[in-house]
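S.K.: Pasted the sequence and its predicted model underneath.
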Amino acid sequence: MACSATAKITPNPLLINSSRYAEKSESCCKIPAPLGSKFLGNKLLSVNKAVSPVNRRSSVVVAVSSDVVKEKKLKSSSNTSNLLITKAEGLELYEDMYLGRAFEDMCAQMYYRGKMFGFVHLYNGQEAVSTGFIKLLKKEDCVVSTYRDHVHALSKGVPARQVMSELFGKTTGCCRGQGGSMHMFSKEHNVLGGFAFIGEGIPVATGAAFTSKYKREVLKDGCDEVTLAFFGDGTCNNGQFFECLNMAALWKLPIIFVVENNLWAIGMSHLRSTSDPQIWKKGPAFGMPGVHVDGMDVLKVREVAKEAVGRARRGEGPTLVECETYRFRGHSLADPDELRDPAEKAHYATRDPITALKKYLNENNLANEGDLKAIEKKIDDIVEESVEFADQSPVPARSQLLENVFADPRGFGIGPDGKYRCEDPKFTEGTAQV
């Protein structure tokens, strides 16, 4: 499992060599020598010298191969100079991905035991995307998620016991039990929320990126914070997506738009619902790089994420990254998952990102079975403890019901006289008492 990046020239601004785009990539001709890079480093991008400055934006070429590298074989299994990660990095990635999988598996058990309520959307199969991006961030960087947000919160550092307690609706949850599965939020860890309606988190992420730019360029405080906006393929046909791409490119905001394209929007195939299924092409349409990457390979995701995050930190603007991935469960735990082809599900099951990383670590002598078993035992204990903690935690008091609903802490607004409206005896006449 290695990452290959080969610069190619194509009639399109960006062309990615993966199974879905194989026909188009075969017609590409290779550029003899890379000429430098403004995105993804010298390895990944070449600029055609013959391109005029006016048309250069639409002629930049970025190609990221999704195939296993065959040309570049390691001379020695003990030689780490050609490896993409160190041992410490590999173990960190494995631990984070295993945490996401083990946590979500436990969520399924707790949901069916009646410990959780409402809709619960699990992340199984997509761990390479969350880990590949979020583990490169600083604590000050922001993450905006969707309703499939548990693992994003875990990757950003929100303790498992807080996430599990939130799922249980307990006061010890990261939102004191008021958010639930689809609305994870942590001010401390700069997780700006999971959002239940598709697309509604993208403007929030764009605003967070604008804050970073304002602090850097107006307040001159040296801010280099970046924002990740996660969303799915179904969101990419929504107006907010296009509006925010335009604004981010116009103002060169430090944001990375991460499309977790798991090929299905609930029960609607991505190929049936989108006029052009190559989402990455929407980036160059707004003047930003667009990249497609194998979202089942954490090392490929990480390489692309490194460059996109670095680009944002340097003030070079936004990037659109399409990660082609797959969820191993139904849309939610209430979904019997009968619409997807069993052969398709079986195919992606063979590409489990955790199994692939484990194989890479073993084959390159970065970890042995003992190292990985120790991590698995540690994570299993953490997840078990999170369930015990959540189960024993208290439910919110009834008085908490209206907190954080309105701007004032009492929940009913402030009248023209500057007093809380709820203090007026006539305010609650004829209404149910809370």
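M.R.: That came in fine, so what should we check first?

S.K.: Tell me where the model's unsure across the protein.
M.R.: 1-81, 406-414, 421-423, 425-434 (pLDDT under 70).

S.K.: That one: helices as residue ranges?
M.R.: Using DSSP state H, the helices of the chain run over 22-25, 41-44, 87-112, 127-134, 150-155, 160-168, 201-217, 239-251, 270-273, 282-285, 298-313, 342-349, 353-363, 369-392.

S.K.: Using a markdown table, lay out the ones you listed together with distance to S186.
M.R.: Where you see a C-beta, it was placed from the backbone N, CA and C, and this is true even at glycine. Shown next, in a markdown table, are the helices of the chain (distance: least, Cβ to Cβ, whole Å):
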| stretch | distance to S186 |
| --- | --- |
| helix 22-25 | 41 |
| helix 41-44 | 32 |
| helix 87-112 | 15 |
| helix 127-134 | 13 |
| helix 150-155 | 7 |
| helix 160-168 | 7 |
| helix 201-217 | 14 |
| helix 239-251 | 23 |
| helix 270-273 | 31 |
| helix 282-285 | 29 |
| helix 298-313 | 20 |
| helix 342-349 | 31 |
| helix 353-363 | 25 |
| helix 369-392 | 15 |
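
S.K.: Relative to G415, which of those helices is closest?
M.R.: Between G415 and the helices of the chain, the shortest separation by Cβ to Cβ is 29.8 Å, and it involves helix 201-217.

S.K.: Sort out which residues of that closest one are buried, please.
M.R.: Neighbour counts over helix 201-217 (16 or more other Cβ atoms under 10 Å) mark 201-213, 216 as buried.

S.K.: Determine which stretch of the helices of the chain is the most buried.
M.R.: Sort these by mean neighbour count, taking mean count of other Cβ atoms under 10 Å, and helix 127-134 sits at the top with a mean of 28.

S.K.: now what about it, what contacts it?
M.R.: Residues from elsewhere that reach helix 127-134, judged by Cβ atoms under 8 Å, 6 or more residues apart in numbering: 93, 96-97, 100-101, 123, 143, 151-152, 155-156, 228, 230, 256, 258, 260, 295-302, 304-305, 309, 323, 325, 353-354, 357.

S.K.: L339 and A265 touch, don't they?
M.R.: No: the criterion here is Cβ atoms under 8 Å, and L339 misses it with A265 at 11.2 Å.

S.K.: higher neighbour count, those two?
M.R.: A265 (20 against 13; other Cβ atoms under 10 Å).

S.K.: On the strand side of things, show who the more buried one bridges to.
M.R.: M268 (DSSP bridges).

S.K.: mind starting the numbering at 32 from now?
M.R.: Sure, I'll start numbering at 32, so the last one becomes A296.

S.K.: residues contacting it?
M.R.: Neighbours of A296 in contact, by Cβ under 8 Å, 6+ apart: G263, D264, G265, S304.

S.K.: Would you quantify the distance from the last one to E274?
M.R.: Plainly put, S304 is 20 Å away from E274 if you go by Cβ to Cβ, to the nearest Å.

S.K.: Spit out the contact partners of V289.
M.R.: The contact partners of V289, taken as Cβ under 8 Å, 6+ apart, are V160, F164, L259, A260, F261, F262, V352, C354.

S.K.: out of these, which one sits closest to K170?
M.R.: Looking across the contacts of V289 and measuring by Cβ to Cβ, the closest to K170 is L259, at 13.4 Å.

S.K.: Looks like the closest one contacts E291 (just checking).
M.R.: No: with contact defined as Cβ under 8 Å, L259 and E291 do not form a contacting pair (11.1 Å).

S.K.: who has more neighbours, those two?
M.R.: Each of L259 and E291 has its neighbours counted (other Cβ under 10 Å); L259 has more, 29 against 26.

S.K.: ok, that one to W311 distance?
M.R.: Taken as Cβ to Cβ, the span from L259 to W311 is 16 Å.

S.K.: Equivalent analysis for A236, please.
M.R.: Distance of A236 to W311, computed by Cβ to Cβ: 18 Å.

S.K.: Next: C173.
M.R.: C173 is 23 Å from W311, by Cβ to Cβ.

S.K.: more neighbours, the two?
M.R.: Taking other Cβ under 10 Å, C173 and W311 do not tie; W311 has more neighbours (27 against 24).

S.K.: List the residues that contact N268.
M.R.: By Cβ under 8 Å, 6+ apart, the neighbours of N268 are S304, T305.

S.K.: Could you do N277 as well?
M.R.: Taking Cβ under 8 Å, 6+ apart, one finds F317 in contact with N277.

S.K.: repeat for Y142
M.R.: Going by Cβ under 8 Å, 6+ apart, Y142 touches V151, L364.

S.K.: measure L302 to D325 for me?
M.R.: Distance, L302 to D325, by Cβ to Cβ: 18 Å.

S.K.: cool, F216 as well?
M.R.: According to Cβ to Cβ, F216 and D325 sit 30 Å apart.

S.K.: of those two, who's got more company?
M.R.: Each of F216 and D325 had its neighbours counted (other Cβ under 10 Å), and the higher figure belongs to D325 (28 against 20).

S.K.: Quickly list what that one is bridged to.
M.R.: With DSSP bridges applied, D325 shows beta-bridge pairing to E355.
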